[in-house]
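# A predicted structure for the sequence below; I have some questions about it.
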Amino acid sequence: MNKQIAQVVVGLPVDKPFDYKIDSAFLGNVKIGHRVIVPFQMKKIIGYVVGLKDKSSFSRLRSISKVLDSEPVISNALLELAVKFAERYCCSLGEAIEVFLPTNLKKTKKAVEISADSIFLREKQIDSARSVLICGKPIGQSWPNILKEINAAISKDNGVIVLVPENSKIHEIVNQLKKEIKKEICVLDKQLKGTEELKNWVKVKNGEASIVVGTRSSVFAPVRNLGLIVIINEDSFSYKQDQSPFYHARDVAFMRSKIQSCSVVVFSQTPTAEVFSLAQSKDIDLINLYPKDNLPVQIIDISNYKPRKNSLISIPLYYAIEKTLNERGKILLLMNKKGFSSFGICAKCQYVLKCPRCDVHLTYLFHSKEVVCRQCHYKKKRPEICPNCNSGYLNFSGQGIEKLESQVARIFPSARVSCYDTDTKNFKQNSDVVIATQAVLNFQNKIFDLTAVVQIDGELNRLDYRAAHKAFSLLLHLKNLTKKQMMIQTRLTENYCIQSLVNDDFLEFYNHELSLREEIGYPPFVHIAEIVVRSVKEDAALAQADMLYKSFVNCEFEDMEIFEPQPDRIARLRDQYRFVILIKAKKYEDINKIIKSAFKDTRRKSSTITTVNIDP
């Protein structure tokens, strides 16, 4: 007998499903995973069927208005993943399902033609699901190992998902695959037009394409008989969703592999400490391809040199640049700061130029003669007089790649000098000296005779427990671009990140990094929740944060630390004041329990917004 009650969730922060009556017109046609139209409050919205039952504890029920699609949009396996996802990232099941789906499926009430699973479903042929970390070499040199794993899955007629960190990498990977594989390849990406994204998604859902390439959201692709998920450049922070729910595609891939018994191949030249710890504990296999190249790396202790005031080039680096230019070699100088200067101040009244919407200094761009905010992209022409006292003594200090460019051009007037950052559109390939930010990660192969890190101390001193890994990754990539000599200007000559590079010891860095994280209590040894309360009213944001903190403390678990509300790293961002509460615990399940309990017991101020970021 057909069940008459459907349990439906909607894409709102509501924990439990709602019961709806299935009228006779739809009896037998409503399945778990279906999109349906349901009356909700005063309007009709899209919901998702997550359960069917004979009876409800409510005497009066509203009915499903319409069943949208011929077949369910969410398979049983993906529904199980959505449940785990909601538990992990502190969101509702409806919100989780909507993360999984193309934009048009969440918005359009038109039907989508989907083939029944049973037409294409076959027994998955895979010996045993396993997870592998491939690391140490750039992707060009590691590709044969990655391709071997992909071919193994395809030979068993299983589906494959290949994740890339950015849209710009999709075309490159698709072309690489097409050279070796004759199967249909489909691109899934949230930046595709809505109709094109939906068309490709349906193609995958219907089993017409078994290989998917895309950015982080492609980890949810409805691939039939999924046998393998590949994560390219796993250490890229692009795999972390930047809005709620703040999921990480790598962690979702591991969750999905357990549910669907599919393998996971993680590739990164410098994998995150979180993944490397899994290899150390034998939870995943390790293929370490790190080469011993014996490239000379010279450390320049800039504490011992007294260059001219505001000069960025030490004496040893000056002579190395001069020698390389005389030999007609190519030079790369790394400085991870955009613009000309990062701090504008009035010499008379000490007024500091700040963004009117964010609590940050404005950066001065020499070429466009503008001051800009790197957070909200506010910009205006550089003021000629102080906005506060009308004095004409505005000084700009701090250093960026434009200032370094002007110094190098002045010291070496015959050299062709150019800057390269994430905003660069027309890069001059014939430059003698390239001055770059971390956008240098886009370069491949050994193309520079001399590379030099002009400033690295700022990267190592960031208030971020991942700072050392990010710096090591940047340095190692720079080393791989170097033919003859690499130089590093620093005051932190004994830092383990720098010494591991000099010693050509890949494992030394990870052993030290993991040991330090375990000692001070950071991931992967604990989980961290970052609860941010924001509002255009500072007092409202702080009051809401205080109320939440008291609720958290009332239901605190053992082995858990809860930190009092503090102004966020950027206390005011895009006109909103931000306060953050940090929770640390061994189990994310414990964190989620107290967060959900506190949210239920705490009245929310209407002028505030609260978000939860697990393992930010």
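On my side now, so go ahead. Residues are numbered from 1 along each chain as shown.
# name the helices or strands packed onto the helix or strand harbouring residue 287?
Using DSSP states H and E, residue 287 maps to strand 285-288. Of the remaining helices and strands, those touching strand 285-288 by 3 or more C-beta pairs under 8 Å, 6 or more residues apart in numbering; DSSP states H and E are strand 131-135. Every residue, glycine included, has its C-beta placed from N, CA and C.
# and the strand it packs on, what's its mean pLDDT?
The pLDDT scores in strand 131-135 average 96.
# how many residues are close by residue 221?
Other residues lying near residue 221 total 25 when counted by other C-beta atoms under 10 Å.
# the one 10 residues further on too?
Residue crowding around residue 231 was assessed by other C-beta under 10 Å; the count is 27.
# ok, it - contacts?
Taking C-beta atoms under 8 Å, 6 or more residues apart in numbering, we find residue 231 in contact with 163, 239, 249, 250, 253, 264, 265, 266, 267, 268.
# for residue 241, same thing?
216, 247, 248, 249.
# which of those fall within helices?
residue 249 (DSSP state H).
# how about the helices in the stretch 151-300 of the chain?
Secondary structure of the stretch 151-300 of the chain (DSSP state H, counting those that start in this stretch): helices at 170-180, 194-205, 249-260, 273-280.
# contacts made by the third one with the rest, please.
So the one you mean is helix 249-260. 77, 80-81, 84-85, 88, 129, 131, 163, 216-217, 219-220, 226, 229, 231, 234, 239-241, 262-264, 266, 272, 275, 615.
# looking at the helices of the stretch 151-300 of the chain, which is closest to residue 389?
Of all these, helix 273-280 sits nearest to residue 389, with 49.0 Å by C-beta to C-beta.
# other SSEs contacting that closest one?
Helices and strands touching helix 273-280, by 3+ C-beta pairs under 8 Å, 6+ apart, are strand 131-135, helix 506-520.
# mind running it again at 7 Å?
Other elements packing on helix 273-280 under the criterion 3 or more C-beta pairs under 7 Å, 6 or more residues apart in numbering; DSSP states H and E are helix 506-520.
# run through who's touching the helix it packs on.
Identification of contacts with helix 506-520 by C-beta atoms under 7 Å, 6 or more residues apart in numbering yields 136, 273, 276-277, 290, 465, 468-469, 472, 496-497, 500, 525.
# turn those into CSV, including distance to residue 379 and neighbour count.
Output for those, formatted as CSV (distance: C-beta to C-beta, whole Å; neighbours: other C-beta atoms under 10 Å):
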residue, distance to residue 379, neighbour count
136, 41, 20
273, 36, 23
276, 40, 28
277, 42, 20
290, 42, 15
465, 32, 16
468, 33, 23
469, 32, 22
472, 33, 24
496, 39, 19
497, 34, 24
500, 39, 22
525, 42, 16
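# and of those residues, the nearest to residue 533?
Residue 533 lies nearest to residue 465 out of these, by C-beta to C-beta, at 22.3 Å.
# against residue 595, how distant is the closest one?
Distance, residue 465 to residue 595, using C-beta to C-beta, to the nearest Å: 21 Å.
# just residue 272 next, same as before
From residue 272 to residue 595 the distance is 24 Å (C-beta to C-beta).
# so if I had to pick from the two, which one is more boxed in?
Remark: of residue 272 and residue 595, residue 272 carries more neighbours, 25 against 22, as counted by other C-beta under 10 Å.
# can you pull the contacts of that one?
So residue 272 contacts 234, 235, 469 (C-beta under 7 Å, 6+ apart).
# tabulate the residues you listed (CSV), appending pLDDT.
CSV is the format used below for those (pLDDT from 0 to 100):
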residue, pLDDT
234, 97
235, 96
469, 96
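# rewinding a little: just the buried residues of the contacts of residue 241.
216, 247, 248, 249 (16 or more other C-beta atoms under 10 Å).
# tell me the one among the contacts of residue 231 nearest to residue 449.
Nearest member of the contacts of residue 231 to residue 449, counting by C-beta to C-beta, is residue 268, at 26.9 Å.
# surely the closest one and residue 233 touch.
Yes - the pair residue 268 and residue 233 qualifies as a contact (C-beta atoms under 7 Å) at a distance of 5.6 Å.
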